[in-house]
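In: I need the structure of the sequence given here:
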Amino acid sequence: MAAIVQNVVTSGFFQLDGGSWEVDNNVWLLGDDHEVLVIDAAHDAQAILTAVDGRAVRAIVCTHAHNDHVNAAPELARLTNAPILLHPDDLELWDLTHPQRSPDAPLSDGQVLTIAGTELTVLHTPGHAPGAVCLYAARLDAVFTGDTLFHGGPGATGRSYSDYPTILESIRDRLFALPDGTVVHTGHGERTSIAAERENSAEWAAP
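Out: Now for the predicted structure:
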């Protein structure tokens, strides 16, 4: 049986470049009755732990290191004994939030994570952040995009460590290469699909 996708929405603040913005984050749990991966431990470790419901957390996977996606990661790791995984290109961003605690292991492009018999392929998709990754589960027709791709367009690139041409290249080359029916589980807001965002891209990704 394939893994099941669960969603927990947590609330807090995104902080960067001296600004602070209130946000709701999607925390994704992928697994079965016995084990899960947590994708983006945001804001509230206890709320995430409640959703885990006693299952073994095999890893806490960070799609990128903006504070609103990682601020609960060390506490959740402490509570579950799970390793924190992050692409090394985002270590500088990570250190802005957790200077005293490093991630436990790196993520790399093409790496495969397995949970509950389901493989997740790591896709390095820089632009919103240097070490941003997406996680593609072919068996589930699903991709977890963090803040790289949303319903209606790409993630923000107006602050430090981000770059608009780079995020467009990541979306075109990595995400739009996925099948049209792939469900896009985003870091904030509602789900979408690769087909829908490819169609939408005419409005924001013109050459």
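In: C-alpha from now on. contacts and neighbour counts both.
Out: Noted.
In: Residue 94: what secondary structure?
Out: Each residue gets one of three states, and residue 94 gets helix by DSSP: H, G, I helix; E, B strand; the rest coil.
In: Ok, residue 189 next?
Out: Secondary structure assignment for residue 189 (three-state DSSP): coil.
In: List the contacts of it.
Out: Each residue near residue 189 by CA atoms under 8 Å, 6 or more residues apart in numbering is listed here: 24, 25, 26, 150, 151.
In: doesn't residue 192 make contact with residue 150?
Out: Yes - counting by CA atoms under 8 Å, residue 192 is a contact partner of residue 150 at 7.3 Å.
In: Just want to know which of those two has more residues nearby.
Out: Using other CA atoms under 10 Å as the criterion, residue 150 and residue 192 rank with residue 150 on top: 22 against 18.
In: Count the neighbours of the closest residue to the more buried one other than its chain neighbours for me.
Out: In space, and not counting its chain neighbours, residue 150 is closest to residue 186: 5.7 Å by CA to CA, 6 or more residues apart in numbering. Residues lying near residue 186 (other CA under 10 Å) number 24.
In: circling back: out of the contacts of residue 189, the closest to residue 196 would be?
Out: residue 151 (8.3 Å; CA to CA).
In: which non-adjacent residue is nearest the closest one?
Out: Leaving aside its chain neighbours, residue 151 sits nearest to residue 192 (5.3 Å; criterion: CA to CA, 6+ apart).
In: what packs against the helix or strand harbouring residue 22?
Out: Using DSSP states H and E, residue 22 maps to strand 19-31. If you count contacts as 3 or more CA pairs under 8 Å, 6 or more residues apart in numbering; DSSP states H and E, strand 19-31 packs onto strand 4-16, strand 35-39, helix 67-70.
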